[in-house]
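Engineer: the following comprises the amino acid sequence and a computationally predicted model.
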Amino acid sequence: MKIACDGDGITCDLHPEWLRRYNRDYNDTLTVEKWLSWDAHKYVKPECGKDIYKYLRDPDLYDNIQPVAGAVEGIAQLRAMGHEIIFVTANTYGMTDQKARWFERWGFCEPKGHDLPHDFIPMFNKNNLDAYLLIDDGAHNVRRWVEEKARPAIMLERPYNLSLLNEVPSAFWMKCHRAKTWSDIVRHVERMSAIVTV
């Protein structure tokens, strides 16, 4: 099975470092638990506003970012089951090279010298990718994947994506599985593997 796996929030634990930088500069105490929708600028101080996204262009942002708990082991398990993993992740200017190096450094992708890893794909509209399953934390991404591509997704639950629970009919959750941890993700994929030959 070809699996499209998101970067930030799924493999890269971006939010702690991103918020650490913001909190330092704006003397705030914002945490991911207080971030209740995708739009980060709604939860920062007014004097910061949309400048919160400028941190994503910091050339050293990924230097101190750790993997999401269980991601290294989870990806290894999925590969051991025979699944092809493609990392598909949205980037701003200045993010692509450092994020690709992060995936190489943590062993998610194999270094390819001067080229980006073959299984690392910078892409905003993930529906343009040919894969059977999407693993993502963006409610808008999983919704579009399930509703437009009619393919299954796994959404790793975060405070900023739980609003989707009230926005879609219960039938949606027949195609979009919810996970709280990487162990949950692996279990969902194991169940799908038993009934799907893709």
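Structural biologist: Ah, there it is.

Engineer: so what are the domain limits for the chain?
Structural biologist: For the chain, the domain assignment from automatic domain parsing gives the residue ranges 2-13+65-195, 14-64.

Engineer: tabulate those domains (JSON lines), appending mean neighbour count and mean pLDDT.
Structural biologist: (Glycine included, C-beta is placed from N, CA and C.) Compiled in JSON lines, the domains of the chain are given as follows (neighbours: other C-beta atoms under 10 Å; pLDDT from 0 to 100):
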{"stretch": "domain 2-13+65-195", "mean neighbour count": "17", "mean pLDDT": "95"}
{"stretch": "domain 14-64", "mean neighbour count": "15", "mean pLDDT": "96"}
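
Engineer: can you point me to the longest strand in this protein?
Structural biologist: Ordering each strand of the chain by length in residues (DSSP state E) puts strand 84-89 first.

Engineer: next one: stretch 4-16 to chain centre, how far?
Structural biologist: The gap between where stretch 4-16 is centred and where its chain is centred comes out at 4 Å by C-alpha atoms, centre = their mean, to the nearest Å.

Engineer: strand partners (parallel or antiparallel) of the longest strand of the chain?
Structural biologist: Strands adjacent to strand 84-89 in the sheet, as given by DSSP bridges, are strand 2-5 (parallel), strand 120-122 (parallel).

Engineer: for Ile185, find the nearest of those.
Structural biologist: Nearest to Ile185, of all these, is strand 2-5, at 9.1 Å by C-beta to C-beta.

Engineer: please report how far the nearest residue to Ala150 once chain neighbours are set aside lies from Ala153.
Structural biologist: Nearest residue to Ala150 in three dimensions, chain neighbours excluded: Lys175, at 7.6 Å (C-beta to C-beta, 6 or more residues apart in numbering). With distances defined as C-beta to C-beta, to the nearest Å, the gap from Lys175 to Ala153 amounts to 7 Å.

Engineer: ditto for Thr89
Structural biologist: Taken as C-beta to C-beta, the span from Thr89 to Ala153 is 15 Å.

Engineer: coming back round to it: using CSV, write out the CA atom coordinates for the longest strand of the chain.
Structural biologist: Extracted in CSV, the C-alpha atoms of strand 84-89 (Å, rounded to 0.1, in the frame of the first residue of the first chain):
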residue,chain,number,x,y,z
GLU,A,84,5.7,2.3,0.6
ILE,A,85,5.9,5.6,2.6
ILE,A,86,6.0,8.9,0.9
PHE,A,87,6.4,12.0,3.0
VAL,A,88,4.3,14.8,1.6
THR,A,89,4.5,18.2,3.4
